[in-house]
Every structure is written in structure tokens, then in C-alpha cells.
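1. mind looking at a prediction? Sequence and model below.
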Amino acid sequence: MRVPQAVELVAEYRLGTVSPVEATRAALEAIERFGERVNAFVLVDAEGALAAAKESESRWRAGEPLGPGDGVPTSIKDALWTRGWPTLRGSTLIDEAGPWDEDAPCVARLRETGAVILGKTTTPEYSWKGVTDSSKFGATGNPWDPAKTSGGSSGGSATAVGLGMGAWSVGTDGGGSVRIPAAFTGTVALKPTYGLIPLFPPSAFGTLSHAGPMTRTVKDNAALLDVISGYDARDWSAMPTPISSFLDGLDDGVAGLRIGFSPDLGFVRNDPEVDAAVRAAIDVLADAGAKVDEVDPGFADPIEAFNVLWFSGAAKVLQGYGDAVGDKVDPGLRRTAEAGADYTASDFLDATAVRMELGRLMGQFHRTYDVLITPTLPLAAFPVGQDVPDGSTSPDWTSWTPYTYPFNLTQQPALSVPCGFTSAGLPIGLQIVGARHADALVLRVGQAYQAATDWHDRTPVLLAEEAR
């Protein structure tokens, strides 16, 4: 069973061969069919989605769509405000009563283009870790094996697009939270240059946190980025609205591009199957005309600096609840918040200095190389309900995500695309990192890789079972 792509749906809406109502019904049926097995949604508004789809259908029949996403079934991570729906962030601490009278900027842009918003997807409590489970909503499984984690913290969104529960989803990424689940589920996700997709309200994790498009393909990712990027006055760091489409030049290929390939950043140990798949992916890009050098960018693991900033954010998350927190929150979130509360302003500034130096170093790196390519993760998905893989010597999710969080520190665009499978049938991700503001180039490299491979067209186990 093939999951439809948003760009294909829009083309068929224009021709009248498929309607937004049909596409929305198919997405809702997938949510109903697989919901109990993977637990990807915390809220589904079937009635509202079908009503919006009927309005979209009327606009397409009249030849007056609102925008390039009119009628596309879409979900939103439950960390982004949605008017009329609670945003509970996987926490029992938040009052469901609201008021919920304002959309996050990306949600507002989706409504303006006429997208059909199906509902909200799962996240761990306050999106604090790299897997998706919470005491409020439970754990989210993987389309390739529901007993394995979807990754996180945007795991519900990744599983949703992987199983056809809507063609588009929007997640957030403070240390890898769209790329981690993309790698684990065989989907595509971009952490864009910071500020390209505005955020409101601001994250407690500060300027580490980005919003990002999550899709099945790079082309869909670029199309969604067109919709949700752009200036919003509520975000003091929002970039100007792009003047061209991210679909422009997407198929220009990689001939002549300079790629720096780092198989381990100089300090990571990969699962052998991950290493083999990523090296094979590099060969594909070299065969397409890219000039590839195996080279490390030259920085030490910035985990200590990241942890200072991340744990401080966790402390800020819980600070407002005071003694009410008790045992009501994820024990790992409470542990990191307690550690974060002990950091000083000097510690924070020291971590920021590490961040600035890392940004300088990567800026220099991209004077030589157009993109840096690494694995997205050093391993495939592990059992659901665990913060870390079996045998880990650390309780921290950052111990197994060394390729993702450095580029939240630098605020560079980073794209994850599927590049293979383990012998157990679990997806492997390839990460493409560009200089700040080189989002279009990163997408172009990802598109060139997908054009030469078919990993993104493989059918997840749950869909294959359904087809039988």
C-alpha cells in the first residue's frame, strides 16, 4: 500500500481526479486502523477535518484554492498551539481548560493555505527527550515494528506521516526531535535554519528549539516548508519571508558540489549496519557527480555545553509549577531539571561560548564544503518505552544522539532522509547539514539522493500487513 504524497495530492486536486474529502477520509481511516497499535495521536477531530476538506473541495472545483497546501491532510505535534484545541505537551500539569485562542505561527500559515488539520500528535512531556512516551498519553510505536520506539520528541508526527495518517506534519526540534524519529521511521524531516519557521510562544529551551516539516519525501518537505516559513511579528528572531519557493532548483542535482563526509564526527561509534548504509549512500552521491572528501569537521563532542543549556531549559519548564510538580512528571525530566537548577549564570555563558565557537568552526568548514554528511543516528530503533537503548551506561537521551544536537547549537539546517535498513528491517537515516541559510541546498542534496534510490518508497511493515 503506497502512501500518497502531498505534491501528488495537490496535482490530482487540480485535475479533479482525487478530492480533498477522499484524501482526508483515507487519512482518518489510517488513524482509526493503526491508532491502537502505534498511538500517534492525542487528539483527532474527524468531523472538523471532513468539514474543512469539503470546503477545500469546493474551492478546487471553483478553481480558487487558498494556497499550495489547500486540502492536504496535516497533523500538528502537541507542542505547538492550535486555536480551539488544548496543547498539553504530554503533561498532566497543564490545564486543559485553556483558553486556547491562538495558533502558533506555522499552524496559522497552514490554515491560511487551506490545509486540513486532522489533529495533534504525541510528544514526551514538554518534548524533553529523544523518544516519545508520556504518563498522560502512553508510548508511540514504530511503523516498521510497533514494539520499537518511534524516536522523539516528534515521534507521533513521524509515525503519522509514515503510515499515511496525513501527508504532512509539523514537529519541533531542540536537539534532534524531528530528525531522530525520521531516522527511526524511514521518513524525512528538516530542522531548518533557526528563525526560518517562527515560533510562538517561545520555547523554554530557548534558541535551541526549531519547528520543522515532517513528510515522506524531500519534495513534500520543501512544499511544506514553503507554507510554514516566513516572518511573524510574535517571534523576535523570525527571518524575513523567503522570496522564492524551496521547490525551485530542487532537482538541480549534486554535480560539482563539495561534500564533506564524516562517518563518525571523530568521536562516535556506529552500529556496523549504520556505517555500511551511510557509506553506500555517499557512493550514490559521488556517482551523481558530487566531489566527496572523508573529513571530520574538527570539533570535540559538545555534549557538556548542550546539557547545560538543555537542562537549564528543563529547570525553567518546571519552575513555574513549584511544589505541585512532585511525582507528577517524567522522572527523567525531573532529574534533568534538578541538575539544570544548579547551573550558574557563568555556566550558562561558558556553554554559550562553546556554542559560538562551534558556530565559527562550522562557518569555516562550509567555506570549503557545501554540505556535511553524517549518519543521523549511530543505531536503529530500540524497544519502545525506554529512554536509552539496552546496555547504555548513561540515562540521558543525548548519549545516543551525538549527530543531531551539535547542529541545534549552531542553528544550521539539517535534513534526515532514509538510506537503508538493518538486517532486522529497521530504517537507517542519513543527515545532510548545510551552512546557515542554505536550507534550499540541503533539500537539493536530499532530493538528488532520493531520486537515485527508493528507500523512501519502501512500505512500512504495518502497511504491508494491511495490504495482505
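-> On my side now, so go ahead.

2. I'd say Asn270 and Ala277 touch.
-> No. Between Asn270 and Ala277 there is no contact under CB atoms under 8 Å: 9.7 Å. No exception for glycine: its C-beta is placed from N, CA and C like everyone else's.

3. looking at the two, which is more packed in?
-> Ala277 (23 against 20; other CB atoms under 10 Å).

4. thought Ser169 was touching Cys106, still the case?
-> No. Using CB under 8 Å, Cys106 is not in contact with Ser169; the gap is 10.8 Å.

5. which one of these two has more residues nearby?
-> Ser169 (31 against 27).

6. let me know the pLDDT of that one.
-> Per-residue confidence (pLDDT) for Ser169: 98.

7. chain neighbours aside, what residue packs nearest to it?
-> Ser157 (3.7 Å; CB to CB, 6 or more residues apart in numbering).

8. local confidence estimate at the one you found?
-> Reported pLDDT for Ser157: 98.

9. all helices for the stretch 251-400 of the chain, in order.
-> 272-287, 303-319, 331-341, 345-368 (DSSP state H, counting those that start in this stretch).

10. Ala438: neighbour count?
-> 18.

11. surely Val3 meets Leu463?
-> Yes. Counting by CB under 8 Å, Val3 does reach Leu463; the two are 7.2 Å apart.

12. joint contacts of these two?
-> Listed as contacting both Val3 and Leu463 by CB atoms under 8 Å, 6 or more residues apart in numbering are 163-164.

13. how much space separates the nearest residue to Glu55 once chain neighbours are set aside from Glu12?
-> With CB to CB, 6+ apart as the criterion, Glu55 has its nearest non-adjacent residue at 7.7 Å, and that residue is Gly114. Note on Gly114: its distance to Glu12, by CB to CB, to the nearest Å, is 15 Å.

14. more neighbours: the two, which one.
-> Using other CB under 10 Å as the criterion, Gly114 and Glu12 rank with Gly114 on top: 22 against 18.

15. so how far is Glu55 from the spatially most distant residue from the centre of the chain?
-> Largest separation from the mean C-alpha position in the chain: Ala62, at 34.6 Å (CA atoms, centre = their mean). Distance of Ala62 to Glu55, given as CB to CB: 11 Å.

16. and what of Thr92?
-> From Thr92 over to Glu55 (counting by CB to CB), the distance is 35 Å.

17. settle it for me: which of these two has more neighbours?
-> Glu55 (16 against 12).

18. surely the more buried one is in a helix?
-> Yes. According to DSSP: H, G, I helix; E, B strand; the rest coil, Glu55 belongs to a helix.

19. gap between it and Gln450?
-> From Glu55 to Gln450 the distance is 33 Å (CB to CB).

20. ok, Ala341 next?
-> Ala341 is 44 Å from Gln450, by CB to CB.

21. and Arg258, bridged to which residues?
-> Lys291 (DSSP bridges).

22. residues contacting it?
-> With CB under 8 Å, 6+ apart, Arg258 has these contacts: 290-291, 293, 368-370.

23. make CSV out of those and add distance to Pro146 and pLDDT.
-> Compiled in CSV, the contacts of Arg258 are given as follows (distance: CB to CB, whole Å; pLDDT from 0 to 100):
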residue, distance to Pro146, pLDDT
Ala290, 37, 98
Lys291, 42, 98
Asp293, 40, 98
Thr368, 44, 98
Tyr369, 39, 98
Asp370, 39, 98
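
24. many thanks, we can stop here.
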